[in-house]
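Colleague: sequence plus the predicted model coming up.
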Amino acid sequence: MLAANSPTAYLTIAEVAAIMRVSKMTVYRLVRSQALAAVRFGKSYRVPESAVEGYIRQCATTAD
């Protein structure tokens with residue numbers, strides 16, 4: 001977990017895919033559908049670590 005006053009950690013699409021154990025294309029689809037928040041830096045996307053944690057938490061609660 002991130003502390004409230006610490007800087008936001010950004011992950012690459014490949015890192016998010018590895019954490020979620022899905023393909024990079026799946027992560028791109030989540031970003032494009034705005035189900036997963038992301039920021040575009042130049043030609044690549046970066047996903048805040050908090051957005052990944054929130055998405056996983058949201059999916060876990062809807063699965064119950």
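Modeller: Looks like it arrived, so ask away.
Colleague: how much space between E15 and M25?
Modeller: Going from E15 to M25 by CB to CB, to the nearest Å gives 15 Å. Just so you know, the C-beta spots here come from the backbone N, C-alpha and C atoms, and that holds for glycine as well.
Colleague: please say which of these two ends up with more neighbours.
Modeller: Using other CB atoms under 10 Å as the criterion, E15 and M25 rank with E15 on top: 16 against 10.
Colleague: by contact count, what packs against the helix or strand containing that one?
Modeller: Secondary structure assigned from DSSP states H and E places E15 in helix 13-20. The helices and strands touching helix 13-20, judged by 3 or more CB pairs under 8 Å, 6 or more residues apart in numbering; DSSP states H and E, are helix 24-32, strand 44-48, helix 49-63.
Colleague: how does it look with 10 Å?
Modeller: strand 10-12, helix 24-32, strand 44-48, helix 49-63 (3 or more CB pairs under 10 Å, 6 or more residues apart in numbering; DSSP states H and E).
Colleague: what angle do strand 44-48 and the second one make with each other?
Modeller: Translated: helix 24-32. Orientation check (axes from the mean of the first three to the mean of the last three CA atoms, to 10 degrees): helix 24-32 against strand 44-48 gives 70 degrees.
Colleague: what does helix 24-32 contact?
Modeller: Contact with helix 24-32 is made by 11-20, 22-23, 35-40, 45, 47, 51-52, 55, as judged by CB atoms under 10 Å, 6 or more residues apart in numbering.
Colleague: helix or strand next in line after it, which one?
Modeller: The first helix or strand that comes after helix 24-32 along the chain, using DSSP H and E, is strand 39-41.
Colleague: average pLDDT across that next one?
Modeller: Mean per-residue pLDDT for strand 39-41: 94.
Colleague: want to throw the helices and strands packed on helix 13-20 into a markdown table with mean pLDDT?
Modeller: Supplementary listing: these in a markdown table, determined by pLDDT from 0 to 100:
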| stretch | mean pLDDT |
| --- | --- |
| strand 10-12 | 97 |
| helix 24-32 | 98 |
| strand 44-48 | 96 |
| helix 49-63 | 91 |
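Colleague: for S23, which non-adjacent residue is closest in space?
Modeller: In this structure, S23 finds its nearest non-sequential neighbour in A17, 6.1 Å apart by CB to CB, 6 or more residues apart in numbering.
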